[in-house]
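Novice: quick check, what structure comes out for this input:
(one chain, ligands or ions: 1)
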Amino acid sequence: MRLTGVGRRYGRRRPWVLRGIGVELPPGALVRVEGGNGGGKSTLLRLIAGIDTPTEGRITGRPPRTAYVPERFPAVLPLTAAAYLTHLGRVHGLTGAEAARRAADGLERFGAARFARTPMADLSKGTSQKVAVAQALLADPGLLVLDEAWTGLDASARAELDRAVTERTAAGATVVFVDHDPARLSGLPHAHYRLRGATLEAAAEPPAPRSAAPLRTTPAAVPAGVPVVPADGPGVPLAAAVVPAGAAAVRIHAVGPPGSVPPVGALAAPGGGIWLTVGAGLSDSVLRGLLTARPSWHIRSVEELP
Ligand SMILES: Nc1ncnc2c1ncn2[C@@H]1O[C@H](COP(=O)(O)OP(=O)(O)OP(=O)(O)O)[C@@H](O)[C@H]1O
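Specialist: This next block holds a predicted model:
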(Lines give C-alpha, C1' and ligand atoms only; values in the text may rest on other atoms or scores of the structure.)
Protein backbone atom coordinates (compact mmCIF):
# COMPACT_ATOMS: atom_id res chain seq x y z
CA MET A 1 0.00 0.00 0.00
CA ARG A 2 1.31 3.44 -0.82
CA LEU A 3 0.48 7.06 0.01
CA THR A 4 1.57 9.51 -2.65
CA GLY A 5 1.50 13.29 -2.12
CA VAL A 6 -1.30 12.92 0.40
CA GLY A 7 -2.71 16.07 1.96
CA ARG A 8 -5.72 16.71 4.15
CA ARG A 9 -7.34 19.88 5.36
CA TYR A 10 -10.76 20.36 6.85
CA GLY A 11 -12.05 23.18 4.62
CA ARG A 12 -10.66 25.31 1.83
CA ARG A 13 -9.59 28.13 4.11
CA ARG A 14 -8.32 25.90 6.86
CA PRO A 15 -4.64 25.03 7.31
CA TRP A 16 -3.25 21.78 5.97
CA VAL A 17 -3.21 19.16 8.71
CA LEU A 18 -1.18 16.86 6.45
CA ARG A 19 0.70 17.76 3.28
CA GLY A 20 2.93 15.90 0.84
CA ILE A 21 2.84 12.61 2.70
CA GLY A 22 4.57 9.85 0.74
CA VAL A 23 5.15 6.51 2.31
CA GLU A 24 5.15 2.84 1.41
CA LEU A 25 3.39 0.45 3.81
CA PRO A 26 4.35 -3.05 2.68
CA PRO A 27 2.73 -6.33 3.69
CA GLY A 28 3.98 -7.59 7.04
CA ALA A 29 5.20 -4.16 8.17
CA LEU A 30 4.55 -2.78 11.63
CA VAL A 31 4.52 1.01 11.48
CA ARG A 32 4.46 3.41 14.41
CA VAL A 33 3.32 7.02 13.90
CA GLU A 34 4.19 9.71 16.44
CA GLY A 35 3.53 13.41 16.66
CA GLY A 36 2.52 16.21 18.97
CA ASN A 37 -1.01 16.82 20.22
CA GLY A 38 -3.23 17.80 17.35
CA GLY A 39 -0.42 17.03 14.92
CA GLY A 40 -2.64 14.97 12.65
CA LYS A 41 -1.98 11.40 13.80
CA SER A 42 -5.65 10.41 13.90
CA THR A 43 -6.25 12.16 10.61
CA LEU A 44 -3.45 10.15 8.99
CA LEU A 45 -4.68 6.87 10.47
CA ARG A 46 -8.24 7.52 9.26
CA LEU A 47 -6.90 8.16 5.76
CA ILE A 48 -4.82 4.98 5.85
CA ALA A 49 -7.82 2.99 7.09
CA GLY A 50 -9.95 4.42 4.28
CA ILE A 51 -12.63 5.94 6.50
CA ASP A 52 -11.62 9.42 5.34
CA THR A 53 -10.32 10.54 1.96
CA PRO A 54 -7.36 12.82 1.20
CA THR A 55 -7.97 16.38 0.02
CA GLU A 56 -5.12 15.84 -2.44
CA GLY A 57 -2.84 12.99 -3.44
CA ARG A 58 -3.74 9.33 -3.59
CA ILE A 59 -3.64 6.11 -1.64
CA THR A 60 -3.22 2.92 -3.65
CA GLY A 61 -2.97 -0.77 -2.95
CA ARG A 62 -4.98 -0.83 0.28
CA PRO A 63 -5.62 -4.46 1.27
CA PRO A 64 -9.26 -5.43 0.77
CA ARG A 65 -9.87 -6.33 4.39
CA THR A 66 -9.14 -3.30 6.52
CA ALA A 67 -9.85 -2.93 10.23
CA TYR A 68 -9.66 0.17 12.37
CA VAL A 69 -9.82 0.69 16.13
CA PRO A 70 -10.28 4.25 17.35
CA GLU A 71 -9.47 5.36 20.89
CA ARG A 72 -13.16 5.84 21.65
CA PHE A 73 -15.52 3.31 20.25
CA PRO A 74 -19.12 4.50 19.77
CA ALA A 75 -21.18 1.95 21.67
CA VAL A 76 -24.65 3.35 21.05
CA LEU A 77 -25.90 0.38 19.06
CA PRO A 78 -29.13 -1.53 19.70
CA LEU A 79 -27.32 -4.90 19.74
CA THR A 80 -25.64 -7.11 22.30
CA ALA A 81 -21.87 -7.46 22.06
CA ALA A 82 -22.14 -10.95 20.54
CA ALA A 83 -24.87 -9.93 18.09
CA TYR A 84 -22.86 -6.90 17.02
CA LEU A 85 -19.73 -8.94 16.35
CA THR A 86 -21.71 -11.66 14.57
CA HIS A 87 -23.37 -9.05 12.40
CA LEU A 88 -20.01 -7.55 11.48
CA GLY A 89 -18.59 -10.99 10.75
CA ARG A 90 -21.40 -11.49 8.24
CA VAL A 91 -20.70 -8.09 6.73
CA HIS A 92 -17.13 -9.30 6.21
CA GLY A 93 -18.46 -12.31 4.29
CA LEU A 94 -18.34 -15.00 6.99
CA THR A 95 -21.20 -17.50 7.24
CA GLY A 96 -23.57 -16.98 10.18
CA ALA A 97 -22.12 -19.94 12.10
CA GLU A 98 -18.52 -18.89 11.48
CA ALA A 99 -19.31 -15.28 12.40
CA ALA A 100 -20.94 -16.38 15.67
CA ARG A 101 -17.99 -18.64 16.49
CA ARG A 102 -15.45 -15.91 15.83
CA ALA A 103 -17.53 -13.42 17.82
CA ALA A 104 -17.49 -15.74 20.83
CA ASP A 105 -13.77 -16.46 20.40
CA GLY A 106 -12.97 -12.74 20.18
CA LEU A 107 -14.88 -11.90 23.33
CA GLU A 108 -13.24 -14.81 25.13
CA ARG A 109 -9.78 -13.84 23.94
CA PHE A 110 -10.05 -10.32 25.34
CA GLY A 111 -11.73 -11.38 28.58
CA ALA A 112 -15.21 -10.09 27.72
CA ALA A 113 -17.08 -13.38 27.28
CA ARG A 114 -19.40 -12.66 30.19
CA PHE A 115 -20.65 -9.55 28.43
CA ALA A 116 -21.69 -11.40 25.26
CA ARG A 117 -25.39 -10.80 25.96
CA THR A 118 -24.98 -7.28 27.29
CA PRO A 119 -26.32 -4.52 25.04
CA MET A 120 -23.47 -2.49 23.55
CA ALA A 121 -24.86 0.72 25.05
CA ASP A 122 -24.54 -0.74 28.57
CA LEU A 123 -20.88 -1.75 28.29
CA SER A 124 -18.18 0.07 30.26
CA LYS A 125 -15.57 1.97 28.26
CA GLY A 126 -13.01 -0.79 28.83
CA THR A 127 -15.34 -3.56 27.71
CA SER A 128 -16.56 -1.70 24.67
CA GLN A 129 -12.90 -1.18 23.76
CA LYS A 130 -12.45 -4.94 23.99
CA VAL A 131 -15.37 -5.35 21.59
CA ALA A 132 -13.75 -2.78 19.29
CA VAL A 133 -10.53 -4.78 19.22
CA ALA A 134 -12.41 -8.07 18.74
CA GLN A 135 -14.32 -6.60 15.77
CA ALA A 136 -11.08 -5.47 14.18
CA LEU A 137 -9.64 -8.98 14.34
CA LEU A 138 -12.80 -10.80 13.27
CA ALA A 139 -11.98 -11.30 9.64
CA ASP A 140 -8.17 -11.57 9.52
CA PRO A 141 -7.59 -8.05 8.19
CA GLY A 142 -4.78 -7.39 5.73
CA LEU A 143 -4.50 -3.87 7.15
CA LEU A 144 -4.99 -3.17 10.84
CA VAL A 145 -5.04 0.46 11.99
CA LEU A 146 -4.85 1.04 15.76
CA ASP A 147 -5.37 4.58 17.05
CA GLU A 148 -4.53 4.42 20.78
CA ALA A 149 -6.43 1.12 20.75
CA TRP A 150 -4.79 -0.04 24.00
CA THR A 151 -6.36 2.83 25.95
CA GLY A 152 -8.91 1.58 28.47
CA LEU A 153 -7.90 -2.10 28.15
CA ASP A 154 -6.77 -4.01 31.22
CA ALA A 155 -3.25 -5.48 31.35
CA SER A 156 -4.18 -8.90 30.04
CA ALA A 157 -6.23 -7.50 27.14
CA ARG A 158 -3.35 -5.14 26.29
CA ALA A 159 -0.97 -8.10 26.19
CA GLU A 160 -3.45 -10.02 24.04
CA LEU A 161 -3.63 -7.13 21.60
CA ASP A 162 0.19 -7.10 21.43
CA ARG A 163 0.06 -10.80 20.58
CA ALA A 164 -2.62 -10.22 17.96
CA VAL A 165 -0.43 -7.58 16.30
CA THR A 166 2.46 -10.05 16.15
CA GLU A 167 0.19 -12.67 14.61
CA ARG A 168 -1.21 -10.29 12.00
CA THR A 169 2.19 -9.07 10.83
CA ALA A 170 3.48 -12.66 10.75
CA ALA A 171 0.50 -13.48 8.52
CA GLY A 172 1.55 -10.67 6.16
CA ALA A 173 -0.84 -7.94 7.29
CA THR A 174 0.26 -4.33 7.59
CA VAL A 175 -0.29 -2.84 11.05
CA VAL A 176 -0.15 0.92 11.60
CA PHE A 177 -0.47 2.28 15.12
CA VAL A 178 -0.35 5.33 17.35
CA ASP A 179 0.13 5.01 21.09
CA HIS A 180 1.12 7.45 23.81
CA ASP A 181 3.33 4.80 25.47
CA PRO A 182 6.75 4.93 23.77
CA ALA A 183 7.42 1.35 24.88
CA ARG A 184 4.33 -0.02 23.15
CA LEU A 185 5.43 -2.84 20.81
CA SER A 186 8.97 -1.52 20.98
CA GLY A 187 10.31 -5.08 21.16
CA LEU A 188 8.96 -5.81 17.69
CA PRO A 189 10.71 -4.76 14.51
CA HIS A 190 8.97 -1.70 13.23
CA ALA A 191 9.23 1.41 11.13
CA HIS A 192 8.90 4.61 13.10
CA TYR A 193 7.60 7.87 11.67
CA ARG A 194 6.96 11.26 13.17
CA LEU A 195 4.51 13.92 12.01
CA ARG A 196 6.15 17.31 12.05
CA GLY A 197 4.58 20.41 10.54
CA ALA A 198 2.07 18.44 8.45
CA THR A 199 4.74 16.19 6.94
CA LEU A 200 5.84 12.70 7.86
CA GLU A 201 9.48 11.95 8.49
CA ALA A 202 11.37 8.84 9.53
CA ALA A 203 11.90 9.34 13.24
CA ALA A 204 15.47 10.09 14.23
CA GLU A 205 15.27 8.25 17.51
CA PRO A 206 13.64 4.90 18.18
CA PRO A 207 10.90 5.12 20.80
CA ALA A 208 12.63 2.95 23.42
CA PRO A 209 16.06 1.44 23.99
CA ARG A 210 14.95 -2.09 23.09
CA SER A 211 14.22 -0.99 19.55
CA ALA A 212 17.59 0.64 18.89
CA ALA A 213 17.93 -1.62 15.85
CA PRO A 214 14.27 -1.92 15.03
CA LEU A 215 14.53 -4.29 12.11
CA ARG A 216 16.35 -6.90 14.17
CA THR A 217 14.01 -8.95 16.19
CA THR A 218 13.34 -11.56 18.80
CA PRO A 219 12.42 -15.02 17.50
CA ALA A 220 8.80 -14.67 18.55
CA ALA A 221 8.43 -11.43 16.66
CA VAL A 222 9.72 -12.49 13.30
CA PRO A 223 7.37 -12.06 10.41
CA ALA A 224 8.06 -14.50 7.61
CA GLY A 225 10.26 -11.84 6.07
CA VAL A 226 9.05 -8.91 4.10
CA PRO A 227 10.50 -9.10 0.64
CA VAL A 228 12.74 -6.36 -0.59
CA VAL A 229 11.03 -5.07 -3.67
CA PRO A 230 12.56 -2.83 -6.28
CA ALA A 231 11.18 0.60 -6.94
CA ASP A 232 8.16 1.10 -9.12
CA GLY A 233 8.28 4.84 -8.73
CA PRO A 234 10.94 7.50 -8.62
CA GLY A 235 12.70 7.97 -5.34
CA VAL A 236 11.31 4.84 -3.69
CA PRO A 237 14.06 2.29 -4.06
CA LEU A 238 12.75 -0.35 -1.70
CA ALA A 239 9.68 -1.20 0.24
CA ALA A 240 11.15 -2.84 3.30
CA ALA A 241 13.48 -5.42 4.64
CA VAL A 242 13.31 -7.49 7.78
CA VAL A 243 16.18 -9.37 9.32
CA PRO A 244 15.25 -12.98 10.05
CA ALA A 245 15.90 -14.12 13.62
CA GLY A 246 19.49 -15.11 14.21
CA ALA A 247 20.63 -13.97 10.77
CA ALA A 248 23.68 -11.80 10.22
CA ALA A 249 22.70 -8.24 9.47
CA VAL A 250 24.15 -5.33 7.59
CA ARG A 251 23.49 -1.66 8.25
CA ILE A 252 23.48 0.54 5.19
CA HIS A 253 23.91 4.28 5.54
CA ALA A 254 22.42 5.95 2.48
CA VAL A 255 21.47 9.46 1.42
CA GLY A 256 18.53 9.92 -0.90
CA PRO A 257 17.97 12.48 -3.64
CA PRO A 258 16.01 15.58 -2.57
CA GLY A 259 12.36 14.75 -1.88
CA SER A 260 12.94 11.00 -1.91
CA VAL A 261 10.73 8.83 0.24
CA PRO A 262 12.65 6.75 2.79
CA PRO A 263 11.99 3.02 2.64
CA VAL A 264 9.75 1.74 5.39
CA GLY A 265 11.92 0.48 8.19
CA ALA A 266 14.61 3.09 7.62
CA LEU A 267 15.71 5.26 10.51
CA ALA A 268 17.04 8.76 10.10
CA ALA A 269 20.80 8.55 10.59
CA PRO A 270 22.51 11.13 12.79
CA GLY A 271 24.10 13.68 10.52
CA GLY A 272 21.76 12.98 7.60
CA GLY A 273 20.48 10.20 5.39
CA ILE A 274 19.00 6.95 6.56
CA TRP A 275 20.05 3.75 8.23
CA LEU A 276 18.58 0.61 6.80
CA THR A 277 19.23 -2.69 8.57
CA VAL A 278 18.78 -5.78 6.40
CA GLY A 279 19.71 -9.45 6.51
CA ALA A 280 23.20 -10.05 5.13
CA GLY A 281 21.77 -12.26 2.39
CA LEU A 282 19.66 -9.37 1.14
CA SER A 283 22.23 -6.62 1.28
CA ASP A 284 23.32 -6.97 -2.36
CA SER A 285 19.80 -6.63 -3.70
CA VAL A 286 19.05 -3.76 -1.35
CA LEU A 287 22.20 -1.93 -2.45
CA ARG A 288 21.34 -2.60 -6.09
CA GLY A 289 17.85 -1.19 -5.47
CA LEU A 290 19.26 1.97 -3.92
CA LEU A 291 21.87 2.47 -6.62
CA THR A 292 19.58 1.80 -9.57
CA ALA A 293 16.72 4.00 -8.34
CA ARG A 294 16.34 7.08 -10.51
CA PRO A 295 17.63 9.39 -9.22
CA SER A 296 19.87 7.04 -7.33
CA TRP A 297 20.78 7.01 -3.65
CA HIS A 298 24.29 7.68 -2.42
CA ILE A 299 25.72 4.89 -0.25
CA ARG A 300 27.85 6.29 2.58
CA SER A 301 28.73 3.07 4.34
CA VAL A 302 27.89 -0.60 4.65
CA GLU A 303 28.62 -2.09 8.04
CA GLU A 304 28.29 -5.68 9.28
CA LEU A 305 26.48 -5.79 12.60
CA PRO A 306 27.67 -8.18 15.28
N1 LIG B 1 -13.33 16.24 11.54
C2 LIG B 1 -12.58 17.34 11.73
N3 LIG B 1 -13.02 18.54 11.37
C4 LIG B 1 -12.26 19.65 11.53
N5 LIG B 1 -11.02 19.64 12.06
C6 LIG B 1 -10.53 18.45 12.43
C7 LIG B 1 -11.28 17.24 12.30
N8 LIG B 1 -10.51 16.22 12.74
C9 LIG B 1 -9.35 16.76 13.16
N10 LIG B 1 -9.37 18.10 12.97
C11 LIG B 1 -8.27 19.01 13.28
O12 LIG B 1 -7.10 18.51 12.66
C13 LIG B 1 -5.97 18.69 13.49
C14 LIG B 1 -5.32 17.33 13.72
O15 LIG B 1 -6.20 16.53 14.49
P16 LIG B 1 -5.92 14.99 14.78
O17 LIG B 1 -7.00 14.51 15.67
O18 LIG B 1 -5.71 14.28 13.49
O19 LIG B 1 -4.52 15.08 15.54
P20 LIG B 1 -3.86 14.08 16.58
O21 LIG B 1 -2.39 14.16 16.37
O22 LIG B 1 -4.49 12.73 16.47
O23 LIG B 1 -4.27 14.73 17.95
P24 LIG B 1 -4.22 14.14 19.45
O25 LIG B 1 -2.79 13.96 19.80
O26 LIG B 1 -4.85 15.23 20.25
O27 LIG B 1 -5.00 12.86 19.44
C28 LIG B 1 -6.47 19.36 14.76
O29 LIG B 1 -6.26 20.74 14.64
C30 LIG B 1 -7.95 19.04 14.76
O31 LIG B 1 -8.67 20.08 15.41
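Novice: thought Pro26 was touching Thr174?
Specialist: Yes: with contact defined as CB atoms under 8 Å, Pro26 and Thr174 form a contacting pair (6.9 Å). Every residue, glycine included, has its C-beta placed from N, CA and C.
Novice: and Ser156, how many neighbours does it have?
Specialist: Counted with other CB atoms under 10 Å, the neighbours of Ser156 add up to 10.
Novice: correction: Arg46
Specialist: Arg46 has 17 neighbouring residues, counting by other CB under 10 Å.
Novice: avg pLDDT for the helix or strand containing it?
Specialist: Remark: Arg46 resides in helix 41-49, with elements defined by DSSP states H and E. The pLDDT scores in helix 41-49 average 95.
Novice: now stretch 9-16
Specialist: 94.
Novice: over to stretch 273-284?
Specialist: For stretch 273-284, mean pLDDT rounds to 74.
Novice: also stretch 123-140?
Specialist: Model confidence over stretch 123-140, given as mean pLDDT, is 92.
Novice: which parts of that stretch are buried?
Specialist: Neighbour-count burial for stretch 123-140, counted by 16 or more other CB atoms under 10 Å, picks out 123, 127-139.
Novice: quick one: which of these is nearest Ala100?
Specialist: Nearest to Ala100 among the buried residues of stretch 123-140: Leu138, at 11.1 Å, using CB to CB.
Novice: hmm, back to that, which of the buried residues of stretch 123-140 fall in strands?
Specialist: Among those, no member falls in strands (DSSP state E).
Novice: just put those residues in a markdown table and tack on distance to Gly187.
Specialist: Shown next, in a markdown table, are the buried residues of stretch 123-140 (distance: CB to CB, whole Å):
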| residue | distance to Gly187 |
| --- | --- |
| Leu123 | 31 |
| Thr127 | 27 |
| Ser128 | 28 |
| Gln129 | 23 |
| Lys130 | 23 |
| Val131 | 27 |
| Ala132 | 24 |
| Val133 | 20 |
| Ala134 | 24 |
| Gln135 | 26 |
| Ala136 | 21 |
| Leu137 | 20 |
| Leu138 | 26 |
| Ala139 | 27 |
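Novice: quick one: residues contacting Gly89.
Specialist: Counting by CB atoms under 8 Å, 6 or more residues apart in numbering, Gly89 makes contact with Glu98, Ala99, Ala100, Arg102, Ala103, Leu138, Ala139.
Novice: at 7 Å instead, please
Specialist: Residues in contact with Gly89 (CB atoms under 7 Å, 6 or more residues apart in numbering) are Glu98, Ala99, Arg102, Ala103, Leu138, Ala139.
Novice: tell me the secondary structure at the residue nearest in space to the middle of the chain.
Specialist: Most central in the chain under CA atoms, centre = their mean is Val176, positioned 1.7 Å from the mean C-alpha point. For Val176, the assignment made with DSSP: H, G, I helix; E, B strand; the rest coil gives strand.
Novice: quick check: the spatially closest residue to it that is not a sequence neighbour vs Phe177, distance?
Specialist: Excluding the flanking residues, the one nearest Val176 by CB to CB, 6 or more residues apart in numbering is Val31, at 4.6 Å. Counting by CB to CB, to the nearest Å, the gap between Val31 and Phe177 amounts to 7 Å.
Novice: what of Asp122?
Specialist: Shown here: Asp122 relative to Phe177, a distance of 29 Å by CB to CB.
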